[in-house]
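Undergrad: Sequence and predicted model, in that order:
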Amino acid sequence: MVFLKVALGFLITAFLSATVSLAHPGLGFGWGIGGSPGGQFGAHPFGLFPQFYQFSCPQADNIVMSVLNKAIAKQPRMAASLLRLHFHDCFVQGCDASILLDDSATIASEKNALPNRNSIRGFEVIDEIKAKLEEACPQTVSCADILAMAARGSTVLSGGPSWELPLGRRDSKNASLSSSNTNIPPPNSTLQNLITLFQRQSLDEVDLVALSGGHTIGVARCATFKQRLYNQNGNNLPDLTLEKSYYNGLKSVCPKSGGDNNISPLDFGSPVKFDNLYFKLILWGKGLLNSDQVLLSGNVGNTMELVKAYAEDDKLFFKQFAKSMIKMGNISPLTGFNGEVRKNCRVVN
Ligand code: HEM
Ligand SMILES: *[C@@H]1O[C@H](CO)[C@@H](O)[C@H](O)[C@H]1NC(C)=O
Ligand SMILES: *[C@@H]1O[C@H](CO)[C@@H](O)[C@H](O)[C@H]1NC(C)=O
């Protein structure tokens, strides 16, 4: 009898929830379904939670993964590009897919911001995921959640950790070119600068070091590390923390003049494998970006110890990376009645 009551209660809640989800995509409250954390409803009536699409689009993650599988098999770097896309979204007005909006009469696209221009990529893969999701579950899965799922999926498919991903973000109706330029850290940042820019997003030093580990995959253009090779401190000298043979190799990829779009792996030992070699390379003076190397040499706070700890223990790095990705993915999401679920990630409805 007790069992029947519980089962009936579950069915009713499930039905109600599905109905509400249809009427207001994104309004899938926790409502205690499937034993979701009790405090969630009271504390954050519109908070993110992993079962958000459980009834409205249960196949969402499978669809994301099938597109990712193909795209990454065809071009392994795509995993890195998609991971970075989520980061550049979340640091500008929160994780609201503002980065996906194209230029229009009312939108100054973030794609033209300094950290993104000629650099950020992966939009066609997001479009393909969105098209498949619109077919399966029209106007249900937000572009901001697609970015979060693509970032996790890309990490997993590259050999990195997985995590239970809170969902329920909604999409912005605007973008901020200026905030892209000011909030996303430049590659020649000092350590203090990096800490400040992460703090602005409520991310601490541990998050900074763990998330920088995202540079275990992907590449960077010569323009982003040239300063280190030829004029680190305005005195026409290289960055002395660069290991000699690595420095010589980089100079051949990145000449003093020209070659700005030549690329070099961020982790040259295993550029498409998500592992902790990135941190070992930093210990050996082989971090590619200034922002990578200063985590060891910058002499602020605790980051040096963290680099050493992650270099020594890949499990520790994986665990913290997952935690920090959840934290980053939780930056000022639009929820409830705020924002919308875009039909096309490039334009507002
Ligand atoms: C700590 C501050 C950070 C700085 C200064 C920074 C800077 C950069 C730069 C300059 C590039 C190369 C861009 C180009 O060639 O135009 C890059 C690439 C990349 N970044 Fe970061 N980044 C930071 C943090 C992060 C975080 C938090 C993540 C993700 C968790 C991330 C993931 C990536 C990935 C995966 C790539 C390679 C992308 C590709 O190959 O397409 N970065 N980053
Ligand atoms: C975008 O919209 C949000 C919510 O309406 C608003 O708070 C924010 O200031 C807007 N940003 C820009 C750059 O217009
Ligand atoms: C970083 O690079 C920018 C653009 O090249 C330059 O204006 C700025 O002074 C550099 N910052 C540092 C700390 O070197």
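TA: That came through fine. Everything numeric in this text was worked out from a predicted model, so none of it was measured. Numbering: from 1, shown residues only. Ligands and ions are numbered 1, 2, ... in the order given.

Undergrad: residue contacts, the residue of the chain found nearest ligand 1?
TA: Of all residues in the chain, Gly218 sits closest to ligand 1, at 2.4 Å by Cβ to the nearest ligand atom. All C-beta atoms are positioned from the backbone trio N, CA, C, and that covers glycine. Taking Cβ atoms under 8 Å, 6 or more residues apart in numbering as the criterion, Gly218 is in contact with 77, 79-81, 83-84, 265-266, 271.

Undergrad: Which of the residues you listed ranks first by neighbour count?
TA: Comparing those on neighbour count, Ala79 comes out first with 29 neighbours (neighbours: other Cβ atoms under 10 Å).

Undergrad: what about Leu177, distance to Asn330?
TA: Separation of Leu177 from Asn330 (Cβ to Cβ, to the nearest Å) stands at 24 Å.

Undergrad: and if you look at Met149?
TA: Between Met149 and Asn330 the distance, using Cβ to Cβ, works out to 14 Å.

Undergrad: and the two? which has more neighbours close in?
TA: Met149 (25 against 17).

Undergrad: Would the helix or strand that the more buried one is a member of count as contacting ligand 1?
TA: In this assignment (DSSP states H and E), Met149 forms part of helix 143-157. No: counting by Cβ under 6 Å from any ligand atom, ligand 1 is not contacted by helix 143-157; separation bottoms out at 7.5 Å.

Undergrad: Quick check: residues of the protein near ligand 1?
TA: Counting by Cβ under 6 Å from any ligand atom, the residues of the chain close to ligand 1 are 77, 80-81, 83-84, 87, 119, 121, 185, 187, 189, 194, 211-212, 214-215, 217-221, 224, 266, 289, 291.

Undergrad: returning to what we had before: does anything pack onto the helix holding Met149? Which helices or strands?
TA: Here helix 143-157 touches helix 60-74, helix 77-90, helix 123-136, helix 314-329, going by 3 or more Cβ pairs under 8 Å, 6 or more residues apart in numbering; DSSP states H and E.

Undergrad: CSV for these, including distance to Asn236 and mean pLDDT?
TA: Rendered in CSV, the data for these read as follows (distance: least, Cβ to Cβ, whole Å; pLDDT from 0 to 100):
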stretch, distance to Asn236, mean pLDDT
helix 60-74, 41, 98
helix 77-90, 31, 98
helix 123-136, 39, 98
helix 314-329, 37, 98
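
Undergrad: Same list (the ones you listed) but as a markdown table, adding distance to Asp96.
TA: Listed next are these as a markdown table, based on distance: least, Cβ to Cβ, whole Å:
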| stretch | distance to Asp96 |
| --- | --- |
| helix 60-74 | 18 |
| helix 77-90 | 7 |
| helix 123-136 | 14 |
| helix 314-329 | 11 |
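
Undergrad: closest to ligand 3 out of these?
TA: Relative to ligand 3, the nearest member of those by Cβ to the nearest ligand atom is helix 77-90, separated by 18.0 Å.

Undergrad: the inter-axis angle of the closest one versus helix 123-136?
TA: Using axes from the mean of the first three to the mean of the last three Cα atoms, to 10 degrees, the inter-axis angle of helix 77-90 relative to helix 123-136 is 80 degrees.

Undergrad: how big is the angle separating helix 77-90 from helix 143-157?
TA: With the same axes, to 10 degrees as the criterion, the two stretches helix 77-90 and helix 143-157 enclose an angle of 140 degrees.

Undergrad: and helix 77-90, how far from the chain's centre?
TA: The chain centroid and the centroid of helix 77-90 are separated by 5 Å, computed with Cα atoms, centre = their mean, to the nearest Å.

Undergrad: Against which helices or strands is it packed?
TA: Using 3+ Cβ pairs under 8 Å, 6+ apart, the elements in contact with helix 77-90 are helix 60-74, helix 123-136, helix 143-157, helix 314-329.

Undergrad: go with 6 Å
TA: Using 3 or more Cβ pairs under 6 Å, 6 or more residues apart in numbering; DSSP states H and E as the contact criterion, the neighbours of helix 77-90 among helices and strands are helix 60-74, helix 143-157.

Undergrad: Now distance to Ser202 too, for those helices, in JSON lines please.
TA: Rendered in JSON lines, the data for the helices and strands packed on helix 77-90 read as follows (distance: least, Cβ to Cβ, whole Å):
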{"stretch": "helix 60-74", "distance to Ser202": "26"}
{"stretch": "helix 143-157", "distance to Ser202": "17"}
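
Undergrad: and stretch 172-192, which residues are buried?
TA: Of the residues in stretch 172-192, those buried under the neighbour-count criterion (16 or more other Cβ atoms under 10 Å) are 172-173, 175-177, 180-181, 183-185, 187-189, 191.
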